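Peer 1: I would like the atomic coordinates for the input below:
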Amino acid sequence: MTQKTPKYVAAFILGIASVGALTMGVSAVAVAADEKPKVSKNAAKPLKAAQEAMEAKKYPEALAKLKEAEAVSGLTPYDQHLLNEMYGFTYVRMGQYPEAAKALEAALNDGFMEPADMPQRVKALAQVNYQIKNYDKAIEFGERSIKEGTADDDMFTLVSQAYYIKGDYKGALKFVSNYVDDQVKAGKTPKEQPLQLIMSSCVKLQDQACTTSALERMVQYYPKPEYWQNIMYTLLQSQTTGQDKGLLNVYRLASEVDALKRPEDYTEMAQLSIEQGSPGEAVRVLEKGFAKGVFVEQRDKERNQRLLDSAKKQSATDQASLGKLEKDVAASKTGDKDVSLGLAYLSYEQYPKAVEALNRGLTKGGVRNEGEARLLLGIAQLKSGNKGEATKAFEQVKGNPTLERLANLWSLHAKQAPTQTASAK
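Peer 2: Prediction:
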């Protein structure tokens, strides 16, 4: 029965010269110091016998002949080099990879190997040591390949995984972060797998700040809903009782990036929107929840239908009062009422009017929560199709760590989101 060649072993075999090249000159004796090294007279006969057995694929016999050659007296350094090469080849063919790695590492470092052959050997040794779970050696040869400038992306992956699997999460984090940073500096988009490994290392190290940064980098390059969900979860977990206004802002972004999944998230966002004077927002999120089929239990369906009906009534009343609010705003000397009007327009998807009102309120000054007002302005600008102005508004959100983080995330989303056409409502 043919045994399947393990992963990396095929490449390992390619990192070893052919039997003929390995044993070239086995039957000859070195005669001059300025010639290329050749096998000594004492070792020639058993090495020749080993070569013939290798060519005949009689690997146990070849191994016996090599041990016989190793026992002769007067072996030269080149004899030992050749022995190690032949041992390595034979052990590979016999599936004895730890022994093969040891022999071929010795042959690499004894000074007889052709410089042109060394990069492939180093790579092969990194691969096979990884295969046999000798992760320290895999890292040693992988980093040597990287330092010598002969490594490809697969080698970086091998080294990073070796660090991680051996439990050196700090080493993995440092190595992969440097690799990703170099890619970014070179104008390349980092691959997803290294970014995932960075995040996993942060989690293993129980470093929340590191995990948060890694998650944000994930969505920067790969804005998948599951990555956004992880970020939103950390933000929701950071909210405490009495921070309802902050919680609603988190939900706004979660809804925007399609990271609301649990039925209770839709319900809570709707309730917070109603409580904070944005019933139109409550209508939209509940209708979205019903359209997605998130309410499965009959009790949840009935409860949220009642909430939706209430939100629709309040929304109708609220929209009817906008004319009066506009008059009150015009007479107001501070910007709070303008901001409230801007939020109302935002709630009803009247984005250009929302931008105008929010800008006016910020210009007047005296706004109690300027950070949130600028966040809302950025959202309104984005929804109006003006990504540049939206980014500027998000950059001006200061003073509240949660709002600042939300603004940064909105900026990331703005770069990825398709340009939207301003509502004509």
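
Peer 1: okay, now the unreliable bits of the stretch 101-250 of the chain?
Peer 2: Where the stretch 101-250 of the chain drops to pLDDT under 70, the residues are 239-244.

Peer 1: try it again with 90
Peer 2: 109, 111, 113-114, 208-209, 212, 224-226, 229-230, 232-247 (pLDDT under 90).

Peer 1: all helices for it, in order.
Peer 2: Ranges of helices in the stretch 101-250 of the chain, per DSSP state H, counting those that start in this stretch, are 118-131, 135-147, 153-165, 169-185, 192-204, 208-221, 225-238, 244-256.

Peer 1: going by contacts, tell me the helices and strands next to the fourth one.
Peer 2: With contacts defined as 3 or more C-beta pairs under 8 Å, 6 or more residues apart in numbering; DSSP states H and E, helix 169-185 has these neighbours: helix 153-165, helix 192-204. Placement of C-beta: from N, CA and C, glycine included.

Peer 1: list the buried ones in that helix?
Peer 2: By neighbour count with 16 or more other C-beta atoms under 10 Å, helix 169-185 contains the buried residues 169, 171-173, 175-177, 179-180, 183.

Peer 1: how far away from the center of its chain is it?
Peer 2: The chain centroid and the centroid of helix 169-185 are separated by 11 Å, computed with C-alpha atoms, centre = their mean, to the nearest Å.

Peer 1: equivalent analysis for stretch 253-269, please.
Peer 2: Stretch 253-269 sits 24 Å away from the centroid of its parent chain (C-alpha atoms, centre = their mean).

Peer 1: just the terminal-to-terminal distance for it.
Peer 2: 11 Å (C-alpha to C-alpha, to the nearest Å).

Peer 1: could you do stretch 62-80 as well?
Peer 2: Stretch 62-80: ends 16 Å apart by C-alpha to C-alpha.

Peer 1: now that stretch, how far from the chain's geometric center?
Peer 2: Using C-alpha atoms, centre = their mean, the offset of stretch 62-80 from its chain centre is 50 Å.

Peer 1: kindly report the same for stretch 61-81.
Peer 2: Distance, centroid of stretch 61-81 to centroid of chain: 49 Å (C-alpha atoms, centre = their mean).

Peer 1: winner for burial among the helices of the stretch 101-250 of the chain?
Peer 2: The highest average neighbour count among the helices of the stretch 101-250 of the chain, using mean count of other C-beta atoms under 10 Å, belongs to helix 118-131 at a mean of 23.

Peer 1: give me the angle between it and helix 153-165.
Peer 2: 30 degrees (axes from the mean of the first three to the mean of the last three C-alpha atoms, to 10 degrees).

Peer 1: buried ones in the longest helix along the chain?
Peer 2: The residue-count maximum for a helix in the chain (DSSP state H) belongs to helix 298-320. Residues of helix 298-320 classed as buried: 300, 304, 307-308, 310-312, 314-315, 318 (neighbour count, 16+ other C-beta under 10 Å).

Peer 1: do stretch 403-415 as well
Peer 2: Buried residues in stretch 403-415, counted by 16+ other C-beta under 10 Å: 403-407, 409-414.

Peer 1: so which of the residues you listed is the closest to Leu158?
Peer 2: Nearest to Leu158 among those, counting by C-beta to C-beta, is Leu412 at 30.7 Å.

Peer 1: tell me which element that closest one falls in.
Peer 2: helix 401-416 (DSSP states H and E).

Peer 1: from the chain's centre, how far out does that helix sit?
Peer 2: Helix 401-416 sits 19 Å away from the centroid of its parent chain (C-alpha atoms, centre = their mean).

Peer 1: and for Gly293, the neighbour number?
Peer 2: 8 (other C-beta atoms under 10 Å).

Peer 1: for it, phi and psi?
Peer 2: phi 70, psi 30 (degrees, to the nearest 10).

Peer 1: roughly how far apart are it and Ser310?
Peer 2: According to C-beta to C-beta, to the nearest Å, Gly293 and Ser310 sit 21 Å apart.

Peer 1: how about Ala270?
Peer 2: For Ala270, the distance to Ser310 - C-beta to C-beta - is 9 Å.

Peer 1: is it true that Leu325 touches Ser340?
Peer 2: Yes: assessed by C-beta atoms under 8 Å, Leu325 is found in contact with Ser340 at 7.3 Å.

Peer 1: overlap of the contact sets of the two?
Peer 2: Here Leu325 and Ser340 have no joint contacts, going by C-beta atoms under 8 Å, 6 or more residues apart in numbering.

Peer 1: who's more crowded, these two?
Peer 2: Ser340 (20 against 16).

Peer 1: need the contact list for the more buried one.
Peer 2: Contacts of Ser340 (C-beta under 8 Å, 6+ apart): 277, 325.

Peer 1: now do the helix or strand containing Leu343 against helix 298-320, angle only.
Peer 2: Counting by DSSP H and E, the element that carries Leu343 is helix 336-347. Helix 336-347 runs at 130 degrees relative to helix 298-320, counting by the same axes, to 10 degrees.

Peer 1: and Val397, how far is that from Arg252?
Peer 2: 13 Å.

Peer 1: Glu370 now?
Peer 2: With C-beta to C-beta as the criterion, Glu370 and Arg252 are 18 Å apart.

Peer 1: go on, Ser347?
Peer 2: 11 Å.

Peer 1: need the residues touching each of the two.
Peer 2: By C-beta under 8 Å, 6+ apart, the residues touching both Ser347 and Arg252 are Glu281.

Peer 1: residue contacts, the most centrally placed residue in the chain?
Peer 2: What sits nearest the mean C-alpha location of the chain, by C-alpha atoms, centre = their mean, is Leu195, with 1.7 Å. Listed by C-beta under 8 Å, 6+ apart, the contact set of Leu195 reads 180, 214, 217-218, 221-222.

Peer 1: export these as JSON lines, with columns for distance to Leu248.
Peer 2: Formatted as JSON lines, the contacts of Leu195 follow (distance: C-beta to C-beta, whole Å):
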{"residue": "Val180", "distance to Leu248": "34"}
{"residue": "Ala214", "distance to Leu248": "26"}
{"residue": "Arg217", "distance to Leu248": "26"}
{"residue": "Met218", "distance to Leu248": "25"}
{"residue": "Tyr221", "distance to Leu248": "28"}
{"residue": "Tyr222", "distance to Leu248": "27"}
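
Peer 1: now flag whichever of the residues you listed is closest to Pro263.
Peer 2: Looking across these and measuring by C-beta to C-beta, the closest to Pro263 is Met218, at 26.0 Å.

Peer 1: dump the residue contacts of the residue lying closest to that closest one once chain neighbours are set aside.
Peer 2: Take Met218 and drop its neighbours on the chain: the residue closest to it by C-beta to C-beta, 6 or more residues apart in numbering is Tyr227, 4.5 Å away. Neighbouring residues of Tyr227 by C-beta under 8 Å, 6+ apart: 215, 218-219.
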